[in-house]
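K.L.:
Predicted structure and sequence below. I'll ask about it afterward.
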Amino acid sequence: MALPAIVGIPFLAGVMGSLFSGLLTFFAQYLTKKLALTAAFIAASISLFAVFFSVCWSILQGLIVVTPPEISLALAFFVPSNAPACIGAILSVNVARWVYDWNTRVIQFRLAL
């Protein structure tokens, strides 16, 4: 009487194994695609920020070259020596906030679908 139940166990195990492996493959491909898109977005955001910062820095350097030395000396009394680092920190925080807001909007949009 127990023989028909024992004969069906390998078949059931094969079906369950193929179902589990199919689900695992699907989720792995889905997560890999998401991870690749996220990594590409992070790399693009960092490179865009680097370009933006270098453009701002070159504009400021260009202004320093064309200003008369008297104005540069007068500005040295009011602008601290760590001004480039402070400006870079402010720009970094603004870009990080923009990236965070953009990501939350994208996530909310994808969750709404």
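P.N.:
All right, it came through fine.
K.L.:
contacts, neighbours, all on C-alpha from now
P.N.:
OK.
K.L.:
Would you check how far apart Phe27 and Ser18 are?
P.N.:
Phe27 sits 14 Å away from Ser18, going by C-alpha to C-alpha, to the nearest Å.
K.L.:
same deal with Pro10?
P.N.:
On the measure of C-alpha to C-alpha, Pro10 and Ser18 end up 12 Å apart.
K.L.:
Local confidence estimate at Val51?
P.N.:
Looking at Val51, its pLDDT stands at 80.
K.L.:
Neighbours of it, how many?
P.N.:
When neighbours are defined as other C-alpha atoms under 10 Å, Val51 has 12 of them.
K.L.:
Could you point out the helix or strand that follows the helix or strand hosting it?
P.N.:
Assigned by DSSP states H and E, Val51 belongs to helix 3-66. Remark: after helix 3-66, the chain's next helix or strand is helix 69-78, criterion DSSP H and E.
K.L.:
now that following helix: how far from the chain's centre is it?
P.N.:
Mean C-alpha position of helix 69-78 versus that of the full chain (C-alpha atoms, centre = their mean, to the nearest Å) differs by 40 Å.
K.L.:
Please save the CA atoms from that helix in CSV.
P.N.:
Output in CSV follows, covering the C-alpha atoms of helix 69-78 (Å, rounded to 0.1, in the frame of the first residue of the first chain):
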residue,chain,number,x,y,z
PRO,A,69,44.7,92.5,-7.9
GLU,A,70,43.1,95.2,-5.7
ILE,A,71,39.8,93.4,-5.8
SER,A,72,41.4,90.1,-5.1
LEU,A,73,43.2,91.6,-2.1
ALA,A,74,40.0,93.2,-0.8
LEU,A,75,38.1,89.9,-1.2
ALA,A,76,40.8,88.1,0.8
PHE,A,77,39.8,90.1,3.9
PHE,A,78,36.2,88.8,3.6
